[in-house]
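Colleague: test case, fold it:
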Amino acid sequence: MARESINLKLAFCCWIRPIHMAMYPWKGELCEESEFEVVFKTNNVNLEQLTALIRGLHPYETPYIASFHGDILHVGYAQWAESIVT
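Modeller: Just a heads-up that it's a prediction; the model follows:
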């Protein structure tokens with residue numbers, strides 16, 4: 001997903017965080033899964049397409065997808081990021 005999002009210019013950077021154990025109830029059973037978290041850095045314009053990509057490629061029926069707004073305060077970084085996803 002990370003590589004595809006960058007290749008499609010939907011994200012300009014992805015953080016892939018280490019594997020962790022997730023425990024959750026699902027369809028009446030307690031599930032334990034090894035998971036890793038991916039943080040996709042993108043802009044508001046690409047958010048809907050990126051969400052669709054994640055939903056299409058994710059192995060879970062209902063993956064956790066959330067967005068957090070953050071202002072890029074370093075002008076040079078903001079310009080670089082925008083040049084990647086446009």
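
Colleague: can you give me the helices in this protein?
Modeller: Assigned by DSSP state H, the chain shows helices spanning 2-7, 47-57, 75-85.

Colleague: return the set of buried residues in the first one.
Modeller: Taking 16 or more other Cβ atoms under 10 Å as the neighbour-count basis, helix 2-7 is seen to contain the buried residues 5-6. Every residue, glycine included, has its C-beta placed from N, CA and C.

Colleague: any idea how far that helix is from the middle of the chain?
Modeller: Taking the mean of its C-alpha atoms, helix 2-7 sits 10 Å from the chain's own mean (Cα atoms, centre = their mean, to the nearest Å).

Colleague: so how far is residue 56 from residue 34?
Modeller: 22 Å (Cβ to Cβ, to the nearest Å).

Colleague: meant to ask about residue 13
Modeller: According to Cβ to Cβ, residue 13 and residue 56 sit 21 Å apart.

Colleague: who has more neighbours out of these two?
Modeller: residue 13 (16 against 9; other Cβ atoms under 10 Å).

Colleague: identify the residue spatially nearest to that one, adjacent ones excluded.
Modeller: residue 41 (4.3 Å; Cβ to Cβ, 6 or more residues apart in numbering).

Colleague: cool, residue 19 as well?
Modeller: residue 36 (4.8 Å).

Colleague: now do the residue most central in space within the chain, the pLDDT please.
Modeller: The centre of the chain sits closest to residue 40, judged by Cα atoms, centre = their mean, with a distance of 3.7 Å. Reading off the confidence values, residue 40 has pLDDT 97.

Colleague: ok, the closest residue to it other than its chain neighbours - how many residues close by?
Modeller: Closest residue in space to residue 40, ignoring its immediate chain neighbours: residue 11 at 4.3 Å, by Cβ to Cβ, 6+ apart. By the criterion of other Cβ under 10 Å, residue 11 has 25 neighbours.
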